[in-house]
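S.K.: I'll drop the sequence and a predicted model, then ask my questions.
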Amino acid sequence: MALDKKTKNKNMKNKLTLVALFMFIFLIPFALLSLSVHINIRSFDHEGYTRIVFEGDRGFEFHVGQSRTELEIKLKERANLQEKITSFTRSILLDRVVHQVDKNNSVLKVHLKSRFKIKRHFVLEKPFRVVFDLVKSEREEADAEPEKVPINTNLNEDKPQESVEPKTEGNTITDTDNDNEQDSEEDQPSSKKPESIETICIDPGHGGSDLGAVGKSKTMEKDITLKVSKKLKQLIVSRLGLRVITTREKDTEVSLNSRVSIANNQKAQIFISIHVNSSFRKSARGSETFYVSLKATDQEALLLSQKENKSFEEIDKITEDDELKMILWDMAQNEYIKESSKLASYIQDELNILLHTTNRGVKQAPFRVLMRAAMPAVLVEIAFLSNSYEEQKLRDDAFLDQVASAIYTGISKYIYYHNTAFGYK
Amino acid sequence: MNKKIIYSLVGLALVFFIGSLIIFLKSSGDSKKKEPGVLAEDKSHEEVKEQAFLKIKVFFLTEESRLMRPVHYEIEDLPIRQDLYRNFIDLLIKGEENYISPVPEGVKLRSVYFIERSQLLVLDFSDELISEFPGGTTGELEFIYFFVDNICYNFKEVKMVKFLISGNEYQELAGHIDMENPFYPDYSYIKDTME
């Protein structure tokens, strides 16, 4: 009996040992898998550049190297990719990404169909993404000497959004974190030297059947904006001798897209949209100058996530539309945020001084009319039509003269800053 | 001696199992979904959940300040999130006495749906939103962020809000703000009054 018990106990222990060993062996691959970073790769051809995105399930440190037709991303850890070789048959620039992995390191080699330059390179979070915008290289001197360009990126996992500092000679690498708002946008350098200012586009808000805001005394926003725009045009032409174009000269309806197209087609270097404000709060008063706030990359992430939900047939069906949308989202104003912010500040300062109106300051919002402006662009809200006191002021022509003068002075100061900063006389 | 080895192995395997499980869950990024009705960083909601009521804070416009002021409510914590969102938005449209409503007269919520993967809440309003909107940049921003901030503040699973009007996407509401893209919250409208 006792022997039986002993044998049973022994059997039980053996079973337990086997279970423990099984668990141990079975879980090793899980543990290893969980320690490595999972990376998804995707790419899109945009107008003028190709974007490649490496999306990790968490942040990772990486180093970037570049040769003639190869972009190399080195990770100091193991990476997991769905495929060892990811091919991009449809891409204009990308050929394939080859994934090489050893014990503790991974290398993602992006092979390109031709010589290339990195136009932009930035890191986004939630989810963690490393984004490269690549363009075909046309510079012979860049091609003459193949170069390995190391970019050290020590990304802290807790702060994957922190931008890195890639600086190269012979290659333009602009590093931005588009997720961050004002600060990073203001730090974002423009990729080319701004032109000297010769043409200014003034956009009188609303018009035609689009009345804009209407005050208690039936003062219409569309009339005030046209009056102020004409006064402003007169001041700029007569005092600065610059070319001024306006999006409308009379009481006509012009779509927001057309307004910005006029400015872009005429190659204006400044875009000023004139508006009159209105609020649900009757007490709201004062002037405000806005420049655009962009969340383009997040929109892209959204689009991609929506895309990933679709079947292959659906993807094929939506690709054209979505890519078009993505091009639209790749908003021209992104390049001019810093300059737009400066311009807005100069104008707002003058409005505060000359008008003694309540300073509501410089603000950012996603204005449709500003988004696609390929130049520094601001929107001025002169005063509130919803406020009875300010509506009366807006009906006074002398007040409108003051407003035009304040905006003019702000623009003049900006032009002076611009010319000094970029070496124009 | 054998016993010790076996116990050690079993112990080691267990520790390894638990450790691997934790690492695996963490790295796979599958952050646990919050239980319906429980709001993150607010213990009071957990208590309320047991009573099937949800404590919420709605921020309303006032004449005195540019910042929206909070009003506390308790609403039924419905198991179907869609219904919960609808009730919440109806509450916003209804407004509160002594506060300013940035919702034009006659505007109704036609439908609401949540795209979980994108953490996007889509609100479809009636035509009155366009026909009755008084205009003005500030008015537009007041309307937009009244909804976006209140929704995202009270429902942490919602990261952005998109507006439709009669089922259609509109480029802008009254000639200023881009409405084609979804909005993230801008808590500068409620910042100073958040508790």
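M.R.: On my side now, so go ahead. Computed from a prediction, not measured in an experiment: that's the story for all the values here. Residues are numbered from 1 along each chain as shown, chains lettered A, B, ... in the order given.

S.K.: give me the residue from the stretch 251-400 of chain A nearest chain B.
M.R.: Per C-beta to the nearest C-beta, A:Ser278 is where the stretch 251-400 of chain A lies closest to chain B, at 2.5 Å. Where you see a C-beta, it was placed from the backbone N, CA and C, and this is true even at glycine.

S.K.: Would you map the strands across chain B?
M.R.: Taking DSSP state E as the criterion, chain B contains strands spanning B:53-60, B:69-76, B:109-115, B:120-125, B:160-165.

S.K.: Pipe these into JSON lines and attach mean neighbour count per row.
M.R.: Formatted as JSON lines, the entries for the strands of chain B read as follows, by neighbours: other C-beta atoms under 10 Å in any protein chain shown:
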{"stretch": "strand B:53-60", "mean neighbour count": "20"}
{"stretch": "strand B:69-76", "mean neighbour count": "14"}
{"stretch": "strand B:109-115", "mean neighbour count": "16"}
{"stretch": "strand B:120-125", "mean neighbour count": "21"}
{"stretch": "strand B:160-165", "mean neighbour count": "20"}
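
S.K.: Adding mean pLDDT and distance to chain A, write these out as a markdown table.
M.R.: What follows is these, written out as a markdown table (pLDDT from 0 to 100; distance: least, C-beta to the nearest C-beta, whole Å):
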| stretch | mean pLDDT | distance to chain A |
| --- | --- | --- |
| strand B:53-60 | 90 | 11 |
| strand B:69-76 | 88 | 12 |
| strand B:109-115 | 92 | 7 |
| strand B:120-125 | 94 | 7 |
| strand B:160-165 | 93 | 7 |
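
S.K.: list the contacts for the residue of the stretch 251-400 of chain A closest to chain B?
M.R.: Residues in contact with A:Ser278, defined by C-beta atoms under 8 Å, 6 or more residues apart in numbering or on different chains, are A:213, A:221, A:384-386, B:134-139.

S.K.: separation between A:Leu134 and A:Arg68?
M.R.: 13 Å (C-beta to C-beta, to the nearest Å).

S.K.: Then A:Ser36?
M.R.: As for A:Ser36, its distance to A:Arg68 is 30 Å (criterion: C-beta to C-beta).

S.K.: now check stretch A:125-136, is it near chain B?
M.R.: Yes - with C-beta under 8 Å from any C-beta of the partner chain as the threshold, stretch A:125-136 lies in contact with chain B, specifically through A:Pro127.

S.K.: Please identify the buried residues of that stretch?
M.R.: Residues A:128-135 are the ones in stretch A:125-136 that count as buried (16 or more other C-beta atoms under 10 Å in any protein chain shown).

S.K.: with those in mind, which one is nearest to chain B?
M.R.: Looking at these and their distance to chain B, the nearest is A:Phe128, at 9.4 Å (C-beta to the nearest C-beta).

S.K.: which residues does the closest one bridge with?
M.R.: A:Gly56 (DSSP bridges).

S.K.: quick revisit: which one (most neighbours) among the contacts of A:Ser278?
M.R.: Neighbour counts for the contacts of A:Ser278 peak at A:Phe384, which has 32 neighbours (criterion: other C-beta atoms under 10 Å in any protein chain shown).
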